[in-house]
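**Q** Quick one, what's the 3D model for this:
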Amino acid sequence: MAPSLWSPAGSPGGLFAALFAALLLLPLAAVGQTVTGTVLEAESERPLTSAVVSLLDSRDQVRAQTLTDHRGHFSLRAREPGRYVIRAERIGWRTVEAEPFHVEVGETVRRDLVARIEVVSLQEIRVEVEAEGCQIGPEQRAETARLWEVARRVLQVEALGRAEGAHRYRLRNYQRDLTPDARRVVSEESRVRDGYTRDPYRSPPVEELMEEGWIQVEREDGTWTYSAPDAATLLSDAFLDGHCFRAVRNADRPGLVGLGFEPVGRAGPPGVEGALWLEETTGRLQFLTYRYTAPPASSGISISLPDHAFGGRVEFTELPHGAWVVSRWYIRSPIFRVERQRAAGLTRDRAALGGIQETGGEVLDVRLGGGEVLALAATGSVAGVALDASGTGPVPDATIHLEGTSYRSRSGPDGRFRLSEVPEGRYSLVLERPELGSFLGRAEPVEVEVRPGEEAAIEVRAASSEAVTARACIREEEGREEWLPALVTGTVLAGAREQPIRGVSVEVQQVRTRVDGLWELAGLGMEWDGEARITDALGRFVLCADPERGWRHAEAEDRWRLVVRGQDGAPLHSQWIEPSEGEILLHTIRLP
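**A** Numbers count the residues shown, from 1 in each chain. Got it, this is the predicted structure:
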C-alpha cells in the first residue's frame, strides 16, 4: 500500500473536534431531555472525577459532553428525544459505555458507569526515521492514531474544564529578553495579576489563524502579533484538517514520545509545526513545543531562525483529582539587528539575530470548585555565600541580584544569601559592594540555572581591589608600563540625619613640600596638583591618587590630602591620607 498522510480528523477524536466548538456556542433548549449518572472506579467504588462523559446519538456523533464532578456525577442535555449511548473516558482508565437507551420527550434518564484501571504504555511506539512531510506508511499511521487517542483524552479534559469554568487561576505574566542562544536571561519584567481569572491562556479563533496566519502584521504600526495553539484549537476540525501527524522521538527527551504535526501545505500565511510530548510509561501529556514555519511574507526578512527563537512551549499539569490545566506557556520571537556589510565597493544591510524576546505566563495557584487552592508555580531558589576575592572570608551586606530582573537579596554577616520563588531559567548572578557603587563594586557575573522545585547552591566572589582600581584608575603613559594608582572613594554626608550631599567638589591633592627648616614651618615652598570630582545624588565621589607619580628631590616630601569645597569654592573639610599603589581608600566625610 502506498504511504499517505494521516490526519485524526476522521477518527473519533476528530469527530469530537468537529463538534466541540459548536457545542460550546449552542444555547440549551428551554425544555429538553436530561441524562444523568455517576462514574465509579470498579475496584474501590470511589467516584471517578474529571472523566469526560459523552452523549452519542444513533449515528455515533457526539451530541453533548461534560466532566464528572468530585462525586463522579454528570448531567447532560439531549436536545431531542431518541436513541443514545453514554461513554466515559479518562487517561489511565478503560473507556466504558452504557447499553444504548431511548430518551423520550422531557424525560430524565439515569445511567451509571463503572470504569476499570488500564495501564497505558507507549514505549513500543516506533518512529519511521526516513519519513518526510506527511508521507507515512500504514504501520506508522496506526502508531500515530494510538498516540492521538491518548493525547486527545488530556486535551479534552483541559478544554472542557476551561469551557465549564471548573477552576480559577492566579497568574504571573512576564516578558524577558534572552541572549541569541536563549541560554541566559538578559532582562525581565513580570506582574502578578490581582485576583483569579477563568482563562489563563486562550488562542484566537482557529479559523482566523488558519486563514490569516499564526503571525499577523498590524496595519497601524507594522508590529507582529504571535499566536499559539491551546487545547481547544488542537482539537478543532480546522486544525486537524490543516495538519498531518506522525510519531516522533528526540534524543534530548528520553522517556518521551512525541505526536508531531505540521501543515499539510507550506504555501500561504505563517503556520505552526511542533509536537505533543507524552510520557512513554503512563501516556500523560507533558508539554507542547511548536515553531512558526516562516515570517510574514511582507516582512522582507530572509534569515534562518533557530527553533528556540521562533516558537514556544505550553506545559500541562495533572491535578490530584484528575483534571488537567495549562500551567506554563511562552512565545519566543526574534529581536533583529541590522548588520552593514561592504563588498566590492557596495554597502548593504543584512538582518541578524540580536536576541530573543520571550512573552509568557505561569499559573501560581489554582482555586478548585470547592474553594481548595493548589500551588502550581514552577519556581526554584538560589542560595549561596558571598566571599571576598581570595575566597577566604565572607562579604557581609553585599547586594546579590539576578541581572536584568527584580530578584535581589543582601548577604548576612556570614555572607550567606537566598533568592526565593525564582522562575525557571538561566541567569547571571551579580555581587555588588554597595559602598563602591554599582559600577566599581560589581564583580564578574556568575551563571546560575534555576530549576522548578530545586535550590541552586552557588558561591560568588567579590571583585578584587586590583580589579576595582583598574576599572576606575588604570592609565598608560609613554615610557612607563601600566600601573595602578590608589582609589579614593566615599560619601559626603551632612547634618544630624547624615543626608547625602550632592554637587560639592572633592579634591585629592598631591602636596610637595620643600624640607629646609623655616620654609616648611611657614608653609613656603608648598606645591600641589591632583584631580577633583563633583559628588553625585548619593553624595559619592571617586578619585585616583598615584603614589609613584611625584616630584622626587632630596629636599622634598610628597604628601596627600582630601579636600571638600562648597559650591562657592570655600573649603569645608580637609584631611591627610596615605594612599599606596592598588589600594582602595574608603572615606565617609561628615560635615556639620
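**Q** For residue 114, identify the helix or strand it belongs to.
**A** Here residue 114, judged by DSSP states H and E, is contained in strand 113-115.
**Q** Paired strands for that strand, with orientation please.
**A** Within its sheet, strand 113-115 is paired with strand 33-41 (parallel), according to DSSP bridges.
**Q** so how far is the helix or strand that comes right after the strand it pairs with off the chain centroid?
**A** Using DSSP H and E, the helix or strand that follows strand 33-41 in sequence is strand 52-56. Put simply, strand 52-56 sits 37 Å off its chain's centre (CA atoms, centre = their mean, to the nearest Å).
**Q** Give me the angle between strand 52-56 and strand 33-41.
**A** Interaxial angle of strand 52-56 relative to strand 33-41 (axes from the mean of the first three to the mean of the last three CA atoms, to 10 degrees): 140 degrees.
**Q** you'd agree residue 357 is up against residue 330?
**A** No - judged on CB atoms under 8 Å, residue 357 makes no contact with residue 330 at a distance of 10.0 Å. Yep, even glycine has a C-beta here, placed from its N, CA and C like the rest.
**Q** Name the residue in the two with the higher neighbour count.
**A** residue 330 (18 against 15; other CB atoms under 10 Å).
**Q** Am I right that that one is in contact with residue 313?
**A** Yes - contact criterion CB under 8 Å: residue 330 and residue 313 qualify, at 5.9 Å.
**Q** Residues contacting stretch 407-425, please?
**A** Contacts of stretch 407-425 with the rest of the structure, by CB atoms under 8 Å, 6 or more residues apart in numbering, involve 172, 174, 176, 185, 190, 362, 377-387, 393-402, 449-452.
**Q** in the stretch 401-550 of the chain, which spans are helices?
**A** For the stretch 401-550 of the chain, applying DSSP state H, counting those that start in this stretch gives helices covering 437-440, 465-473, 518-522.
**Q** Just checking the distance from the lengthiest strand in the chain to the centre of its chain.
**A** Secondary structure of the chain per DSSP state E: the longest strand is strand 346-367. The gap between where strand 346-367 is centred and where its chain is centred comes out at 11 Å by CA atoms, centre = their mean.
**Q** Then stretch 305-319?
**A** On the basis of CA atoms, centre = their mean, stretch 305-319 sits 10 Å off its chain's mean C-alpha point.
**Q** average pLDDT for that stretch?
**A** Taken as a whole, stretch 305-319 has a mean pLDDT of 89.
**Q** Please identify the pairing partners of the helix or strand hosting residue 573 and their relative orientation?
**A** If you go by DSSP H and E, residue 573 is part of strand 571-577. Under the criterion DSSP bridges, strand 571-577 sits next to strand 556-565 (antiparallel) in its sheet.
**Q** Return the set of buried residues in the strand it pairs with.
**A** By neighbour count on 16 or more other CB atoms under 10 Å, the buried set for strand 556-565 is 560, 562, 563, 564, 565.
**Q** What's the local residue count around the closest residue to the last one other than its chain neighbours?
**A** Translated: residue 565. Nearest residue to residue 565 in three dimensions, chain neighbours excluded: residue 505, at 4.5 Å (CB to CB, 6 or more residues apart in numbering). For residue 505, the neighbour count with other CB under 10 Å is 18.
**Q** and residue 505, how far is that from residue 486?
**A** 19 Å (CB to CB, to the nearest Å).
**Q** returning to that earlier point: buried residues of the next helix or strand after the strand holding residue 573, list them for me.
**A** Proceeding N to C from strand 571-577, the next assigned helix or strand is strand 584-591, under DSSP H and E. Judged by neighbour count using 16+ other CB under 10 Å, the buried positions of strand 584-591 are 584, 585, 587, 589, 591.
**Q** Kindly present those residues as JSON lines, with separate columns for distance to residue 263 and pLDDT.
**A** Below are the buried residues of strand 584-591 laid out as JSON lines (distance: CB to CB, whole Å; pLDDT from 0 to 100):
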{"residue": "584", "distance to residue 263": "62", "pLDDT": "85"}
{"residue": "585", "distance to residue 263": "67", "pLDDT": "86"}
{"residue": "587", "distance to residue 263": "68", "pLDDT": "87"}
{"residue": "589", "distance to residue 263": "70", "pLDDT": "89"}
{"residue": "591", "distance to residue 263": "72", "pLDDT": "89"}
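**Q** Pipe those into JSON lines and attach distance to residue 69 per row.
**A** Formatted as JSON lines, the buried residues of strand 584-591 follow (distance: CB to CB, whole Å):
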{"residue": "584", "distance to residue 69": "68"}
{"residue": "585", "distance to residue 69": "72"}
{"residue": "587", "distance to residue 69": "71"}
{"residue": "589", "distance to residue 69": "71"}
{"residue": "591", "distance to residue 69": "72"}
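**Q** I'd like to know which of these is nearest to residue 181.
**A** residue 584 (36.3 Å; CB to CB).
**Q** Just confirm the closest one contacts residue 490, I think it does.
**A** No - look at residue 584 against residue 490 with CB under 8 Å: they stay out of range, at 10.2 Å.
**Q** what secondary structure does residue 239 sit in?
**A** Secondary structure state of residue 239, per DSSP: H, G, I helix; E, B strand; the rest coil, is helix.
**Q** Near it, how many other residues are there?
**A** 23.
**Q** same check, this time on residue 417
**A** Count around residue 417 with other CB under 10 Å applied: 24.
**Q** Specify the beta-bridge partners of it.
**A** As assigned using DSSP bridges, the partners bridged with residue 417 are residue 384.
**Q** so what's it scoring on pLDDT?
**A** Note on residue 417: pLDDT of 96.
**Q** which residues sit in contact with residue 538?
**A** 437, 491, 500, 502.
**Q** change it to 10 Å
**A** Taking CB atoms under 10 Å, 6 or more residues apart in numbering as the criterion, residue 538 is in contact with 434, 437, 491, 492, 500, 501, 502.
**Q** and if you look at residue 576?
**A** With CB under 10 Å, 6+ apart, residue 576 has these contacts: 509, 511, 559, 560, 561, 562.
**Q** hmm, 7 Å instead?
**A** For residue 576, the contact set (CB atoms under 7 Å, 6 or more residues apart in numbering) comprises 559, 560, 561.
**Q** Which SSE is immediately downstream of the top helix by length along the chain?
**A** Longest helix in the chain, counting residues (DSSP state H): helix 138-163. Elements were assigned by DSSP H and E; along the chain past helix 138-163, the next helix or strand is strand 168-178.
**Q** relative to strand 346-367, how tilted is the very next helix or strand once past that following strand?
**A** Counting by DSSP H and E, the next helix or strand C-terminal to strand 168-178 is strand 185-192. Between the axes of strand 185-192 and strand 346-367, defined by the same axes, to 10 degrees, the angle is 40 degrees.
**Q** Please indicate which of the contacts of stretch 407-425 are buried?
**A** Buried by 16+ other CB under 10 Å: 172, 174, 176, 185, 190, 362, 377-382, 384-387, 394-395, 398-402, 450, out of those.
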